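sequence below, structure please.
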Amino acid sequence: MTLSKEFEAVTPDPKKLRRTALILLAIMVVGGVVILKAYEKRSKEAAKENRPNYVTRISEAKDLTFLRQDGEIKELIGLKGKVLVVQCLASAQPDELSTGVMHRISDKYKGREDVALLTLLIDPGPSNSLLDELKIMAENLGAKLPQWTVASNERPTLHRFIKNEFKASMLPHKEAGKWIYDGSIVLIDKERHVRRAVVPQKRGGAPYVTNFDFEQAKKWDVEGIKTGTDLSNTEQMEALLNQTIEILLK
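Numbers count the residues shown, from 1 in each chain. Model (predicted):
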């Protein structure tokens, strides 16, 4: 059987094939360059980004119920809609460094309803004496409602919450009669997200994410580590905390 000319094989034109291949190659090269430039641009933007880092969200199912210094039983969810600054503290081990920071934040945002402070007592005694403990601690701190809450719960419940929901570096525990715990100040936004600070890198690269660990900053000062500014490490940490609060308020 003889095929008609309509079905006869067409001999490829080498010049057209080369031209098509070159066009496809050019498209691929241009596309690759565009993607690379876009990636570089985003990387530079990320390096300058200072939006607080998202750590986790405290869900209603995992909320913390606590007794506060006025005898009221409340839940952390009741502070939703506020930027919350949290300090963990052992009554037998005053922390002048973090407490000083809390006082300055209290003074700075006095009268504002969108910023609240919370001190959690990590070493409460028996439940029948807890209210008295909270009243004494609140008086010692100068913490007054409604701005500054001093509260606690039974140790196992509170300690698990601090470790699991605040993402503390350790579970609070005692060693040789001393409480060992993560004393970093915890920052929670209005939607109950735990946040950490993001420090852009001047020379590029991924931003540095840090919690607000003032004890670590103090150690850096003792070791003579410089911040690259006129501020000490503890002063720089406090400035970073205030800057992050302002970002969350906006």
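
every contact and neighbour count from this point should use C-alpha atoms.
Fine.

any idea how many residues pack against M28?
By other Cα atoms under 10 Å, 12 other residues sit near M28.

that one should be in a strand, yeah?
No: read with DSSP: H, G, I helix; E, B strand; the rest coil, M28 is helix and lies in no strand.

from K16, how far out is it?
Note on M28: its distance to K16, by Cα to Cα, to the nearest Å, is 18 Å.

also E175?
Distance from E175 to K16, by Cα to Cα: 81 Å.

now P146
Remark: distance between P146 and K16 (Cα to Cα) = 80 Å.

is V186 bridged to anything, and to what?
Beta bridges link V186 to V86, judged by DSSP bridges.

got a list of what it touches?
85-87, 166, 194-196, 211-212 (Cα atoms under 8 Å, 6 or more residues apart in numbering).

residue contacts, the residue lying closest to D189 once chain neighbours are set aside?
Of all residues not flanking D189 in the chain, V83 sits nearest, at 4.7 Å (Cα to Cα, 6 or more residues apart in numbering). By Cα under 8 Å, 6+ apart, V83 lies in contact with 114-116, 187-190, 245, 248-249.

check what pLDDT A47 gets.
You'll see A47 listed with a pLDDT of 39.

same for the helix or strand hosting A116, what does it pack against?
According to DSSP states H and E, A116 maps onto strand 115-121. For strand 115-121, the elements it packs on are strand 83-89, strand 148-152, judged by 3 or more Cα pairs under 8 Å, 6 or more residues apart in numbering; DSSP states H and E.

tell me the domain boundaries of the chain?
16-48, 53-249 (automatic domain parsing).

which of the ones you listed comes out lowest on mean pLDDT?
Among the domains of the chain, domain 16-48 scores lowest, with a mean of 58.

which one of the helices and strands packed on strand 115-121 is the most hemmed in?
Counting by mean count of other Cα atoms under 10 Å, strand 148-152 has the highest mean neighbour count of the helices and strands packed on strand 115-121, with a mean of 26.

give me the sheet partners of that one and which way each runs.
Strand 148-152 has these strand partners (DSSP bridges): strand 65-68 (antiparallel), strand 115-121 (parallel).

which ones are touching H193?
Going by Cα under 8 Å, 6+ apart, H193 touches 54-58.

let's see it at 6 Å
By Cα atoms under 6 Å, 6 or more residues apart in numbering, H193 lies in contact with 56-57.
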